[in-house]
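A.B. asks: coordinates only, sequence not included:
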């Protein structure tokens with residue numbers, strides 16, 4: 001239960017907060033990620049999330065635990081360095097803003113080939129048009145992952161599903177419970193307006 005770091009985030013709520021991450025929390029997330037991900041020794045994983053974030057920190061360590069190679073840029077990212085790192089990668093863990101910027105700066109002309117690369121976008125919702133471009137130009141698999149700094153990964157939806165219906169968030173991850181409650185904490189029906197509460201079990 002020793003505090004490892006405090007992550008400053010606004011999260012999906014847009015309200016600034018400080019989230020304490022203990023060694024125990026981080027250890028459980030790293031082990032879960034290492035078991036869930038399909039990384040092999042030959043994989044090259046490009047992580048664009050900051051190492052000061054919970055997701056960025058745990059994915060670096062989980063990759064190394066599975067023997068995968070971690071790719072990261074040195075110094076300022078240039079269009080060329082980003083293209084080379086994406087091209088080398090078999091998996092990319094990033095945020096929607098990064099993918100949107102790559103698409104915008106390349107004016108949608110960047111094509112790296114789809115086969116053998118998976119992209120996982122975390123944080124805010126991945127837009128349908130960005131998902132569609134990634135599937136056409138960068139990767140054979142694209143996923144948008146939903147979660148929180150406190151709980152970690154909650155749900156995951158494929159990029160193809162996002163293109164077909166942008167409101168879908170995908171199935172809940174094993175080991176996570178989601179419930180909808182009133183302000184007093186009592187449960188409400190799934191079709192009723194309320195507070196979404198998640199926890200790891």
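C.D. replies: Right, received. Where do you want to start? If you're wondering where the values come from, they're calculated on a predicted model, not measured in any experiment.
A.B. asks: can we go C-alpha only for contacts and neighbour counts from here?
C.D. replies: OK.
A.B. asks: for residue 25, helix, strand, or coil?
C.D. replies: In three-state terms, and counting by DSSP: H, G, I helix; E, B strand; the rest coil, residue 25 is helix.
A.B. asks: What is the burial count for the residue lying closest to residue 2 once chain neighbours are set aside?
C.D. replies: Leaving aside its sequence neighbours, residue 2 sits nearest to residue 22 (CA to CA, 6 or more residues apart in numbering; 5.5 Å). Using other CA atoms under 10 Å, residue 22 has 14 neighbouring residues.
A.B. asks: Do you know the pLDDT at residue 5?
C.D. replies: Per-residue confidence at residue 5 stands at 83 (pLDDT).
A.B. asks: give the contact list for it.
C.D. replies: 20-22 (CA atoms under 8 Å, 6 or more residues apart in numbering).
A.B. asks: Quick one: mark the members of these that sit in strands.
C.D. replies: Of the positions in the contacts of residue 5, 20-22 sit in strands, assigned by DSSP state E.
A.B. asks: any idea which of those residues is closest to residue 99?
C.D. replies: Among the ones in strands among the contacts of residue 5, residue 21 lies closest to residue 99 (CA to CA), at 27.2 Å.
A.B. asks: Now the residue nearest to residue 51 when sequence neighbours are not counted: which helix or strand?
C.D. replies: Spatial nearest neighbour of residue 51, excluding adjacent residues (CA to CA, 6+ apart): residue 57 at 4.6 Å. Using DSSP states H and E, residue 57 maps to helix 54-65.
A.B. asks: Listing partners with orientation, what would you give for the following helix or strand past that helix?
C.D. replies: Using DSSP H and E, the helix or strand that follows helix 54-65 in sequence is strand 69-71. If you go by DSSP bridges, strand 69-71 pairs up with strand 44-47 (parallel).
A.B. asks: from the middle of its chain, how far away would the partner strand be?
C.D. replies: Relative to the chain's own centre, strand 44-47 is displaced by 13 Å; criterion: CA atoms, centre = their mean, to the nearest Å.
A.B. asks: residues near the residue nearest to residue 51, how many?
C.D. replies: Look at residue 57: counted by other CA under 10 Å, it has 16 neighbours.
A.B. asks: What of the one 3 residues further on?
C.D. replies: Neighbourhood size, residue 60 [other CA under 10 Å]: 22.
A.B. asks: Please apply the same query to residue 197.
C.D. replies: Around residue 197 there are 11 residues (other CA under 10 Å).
A.B. asks: residue contacts, residue 109?
C.D. replies: residue 103.
A.B. asks: How is it assigned, secondary-structure-wise?
C.D. replies: Following three-state DSSP, we place residue 109 in the coil state.
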